[in-house]
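Visitor: Compute the structure for the input listed below.
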Amino acid sequence: MVSPVYLDCNATAPLDPEVRHVLFHYLTEEFGNEGSRTHEFGSRAKQAVQKARDQVASVVGAKRDEVIFTSGATESNNLAILGLAEHGKETGKLHLIGTRLEHKAVIEPLEALEKRGFEVTWLNSDNQGRVDVGQLAQALRSDTLLVSVMASNNETGVRQPLGEISKILEGHEAFFHTDAAQAFGKDIEPLHNGRIDLISVSGHKVFAPKGIGALVLRRRGYDRPPLKPLFYGGGQERGLRPGTLPVAHVAALGMAAEVALKQHEKRREHCRKLKQAALAAFSSLAPRIHGRPEETMDHVLNLAFPGIDSEALIVALKDLVAISNGSACTSSSYTPSHVIKAMGYSDDEANEAIRLSWCHLTPEVDWEAVAERISRLT
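Guide: Coordinates of the predicted model:
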């Protein structure tokens, strides 16, 4: 029996072969604790961690000591947002700006701060999933503590205008955070923008293992963003993220970052060809595409075939391709995509949306067979 082609890389991606080699090396051979100062095993582990900091930092043009390792982008988002709360209360800056397009790992921390007395301005988007930068400019206040806008959307792949937002924030003290889980290592230039203070990274979206990520905290001059830890015990990661570092996973994330930086153009070209072939095969079915193709990441396609429920479509295609209808983090109790609804679509229209996402390791897809199967449901 032939397995379906895996087209759910935005949920989780396969391990890159070079990353797998590093992971198992540090799991089985170089297994020391990087906090052990008294022997060579600890010293070599520390060297591996420091190398990984350099590798991750290089992708976004940061410095080694601006990288904090976490368990993933969800933790990084929580640390970036909730970690600023004490500073906000001390300085009287209780205003936050976010969008309803964000992953729940950003929306829910912002909502948590709302319950603690902060005010959140939620930016609107157009029907193509791009935030309204004009509304952002109007929403910005002297007491704005944080602006959080994702780099690219996990469901639609739509790139957000980080450069435009950065220009609006010039001269303002508000911290700028971006959830870059889907963009890190894939969309290089936007994340080099020095006005972005906080960048959340997910390992398993960039072909490293699950359970590892990073938060980049760019300095302003000599000052690091004034975050407070979310939990305590040990003082690791500059006191922001205690606990023994998983050296194997850290080293694997470092290698994933290095390889992504070296190969991103080659990878993008492979993904671009897959997307072009999919769009060509589906064109006769007149799908509704969520996000202008030229403004979306090359490895994502979110679309709907009017009149066909996404759940029915997923089942009909399950022997050909493995796809999804939204974020894996909310799929256990399916509700219409909050992202598609934030773009102005109804519940029924959101229920038609499916997401196809692939990567440089994805083989050729028989898009014509997929299109033919879909046509049977129309």
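
Visitor: count of residues packed around the closest residue to residue 42 other than its chain neighbours?
Guide: Spatial nearest neighbour of residue 42, excluding adjacent residues (CB to CB, 6 or more residues apart in numbering): residue 36 at 2.8 Å. Every C-beta, even on glycine, is put in place using the N, C-alpha and C of the backbone. Using other CB atoms under 10 Å, residue 36 has 14 other residues around it.

Visitor: what comes up buried for the top helix by length along the chain?
Guide: When the chain is scanned for its longest helix (criterion: DSSP state H), the result is helix 247-282. Using 16 or more other CB atoms under 10 Å as the test for burial, helix 247-282 gives 247-260, 264, 267-268, 270-271, 274-275, 278, 281-282.

Visitor: and what of stretch 336-347?
Guide: 336-343, 345.

Visitor: now for those, which pair is the farthest apart?
Guide: 336 and 343 (11.7 Å; CB to CB).

Visitor: Got the phi and psi for the residue nearest to residue 42?
Guide: The phi and psi values for residue 36, taken as degrees, to the nearest 10, are phi -80, psi 110.

Visitor: For the protein, just list every one of the strands.
Guide: 5-6, 67-70, 95-99, 119-123, 144-148, 175-179, 198-202, 213-217, 288-289, 300-304, 321-322, 353-357 (DSSP state E).

Visitor: Give me whichever of the ones you listed is most buried.
Guide: Using mean count of other CB atoms under 10 Å, the stretch among the strands of the chain with the largest mean neighbour count is strand 198-202, at a mean of 30.

Visitor: Let me know the closest of the buried residues of stretch 336-347 to residue 182.
Guide: For the buried residues of stretch 336-347, the residue nearest residue 182 by CB to CB is residue 339; the value is 12.1 Å.

Visitor: ok, the nearest residue to that closest one once chain neighbours are set aside to residue 300 distance?
Guide: Nearest residue to residue 339 in three dimensions, chain neighbours excluded: residue 155, at 4.5 Å (CB to CB, 6+ apart). The gap separating residue 155 from residue 300 is 8 Å, by CB to CB, to the nearest Å.

Visitor: Spit out the residues that contact those two alike.
Guide: Jointly contacting residue 155 and residue 300 under the rule CB atoms under 8 Å, 6 or more residues apart in numbering are 10, 355.

Visitor: Tell me how many other residues crowd residue 47.
Guide: Neighbour tally, residue 47, other CB under 10 Å: 13.

Visitor: Distance check, it against residue 235.
Guide: Counting by CB to CB - residue 47 and residue 235 are separated by 20 Å.

Visitor: now do residue 54
Guide: Separation of residue 54 from residue 235 (CB to CB): 22 Å.

Visitor: quick one, which of the two is more surrounded?
Guide: Neighbours were tallied for residue 54 and for residue 235 using other CB under 10 Å; the higher tally belongs to residue 54 (15 against 12).

Visitor: Skipping its backbone neighbours, what lies nearest the more buried one in space?
Guide: Distances taken as CB to CB, 6+ apart place residue 64 nearest to residue 54, at 5.2 Å, with adjacent residues excluded.

Visitor: I'd say that neighbour and residue 51 touch.
Guide: No - using CB atoms under 8 Å, residue 64 makes no contact with residue 51, being 9.2 Å away.

Visitor: mind listing what the nearest residue to residue 240 once chain neighbours are set aside touches?
Guide: Leaving aside its chain neighbours, residue 240 sits nearest to residue 229 (5.1 Å; criterion: CB to CB, 6+ apart). If you count contacts by CB under 8 Å, 6+ apart, residue 229 has them with 79, 83, 239-242.

Visitor: for this structure, what spans make up the helices?
Guide: Using DSSP H, helices in the chain cover 17-28, 40-60, 73-82, 85-91, 104-115, 133-139, 162-169, 247-282, 310-317, 338-342, 347-350, 367-375.

Visitor: quick one: which of these is nearest residue 223?
Guide: Of all those, helix 85-91 comes closest under CB to CB, at 11.4 Å.

Visitor: in the closest one, what counts as buried?
Guide: So, applying 16+ other CB under 10 Å, buried residues of helix 85-91: 85, 87-88.

Visitor: First-to-last residue distance for stretch 214-227?
Guide: With CA to CA, to the nearest Å applied, stretch 214-227 spans 14 Å between its terminal residues.

Visitor: Same question for stretch 235-247.
Guide: 16 Å.

Visitor: tell me which residues in it are buried?
Guide: Buried, per 16+ other CB under 10 Å, within stretch 235-247: 236-237, 240-241, 245-247.

Visitor: swap in stretch 99-108?
Guide: 99, 101-103, 105-107.

Visitor: That stretch: end-to-end distance?
Guide: With CA to CA, one end of stretch 99-108 sits 11 Å from the other.

Visitor: Repeat that for stretch 359-367.
Guide: Note: stretch 359-367 ends 16 Å apart using CA to CA.

Visitor: where does the stretch 1-150 of the chain have low pLDDT?
Guide: Under the criterion pLDDT under 70, the flagged ranges of the stretch 1-150 of the chain are 1.

Visitor: For stretch 291-309, buried residues please.
Guide: 291, 295-305, 308-309.

Visitor: now stretch 215-226: how far from the chain's centre is it?
Guide: 20 Å (CA atoms, centre = their mean, to the nearest Å).
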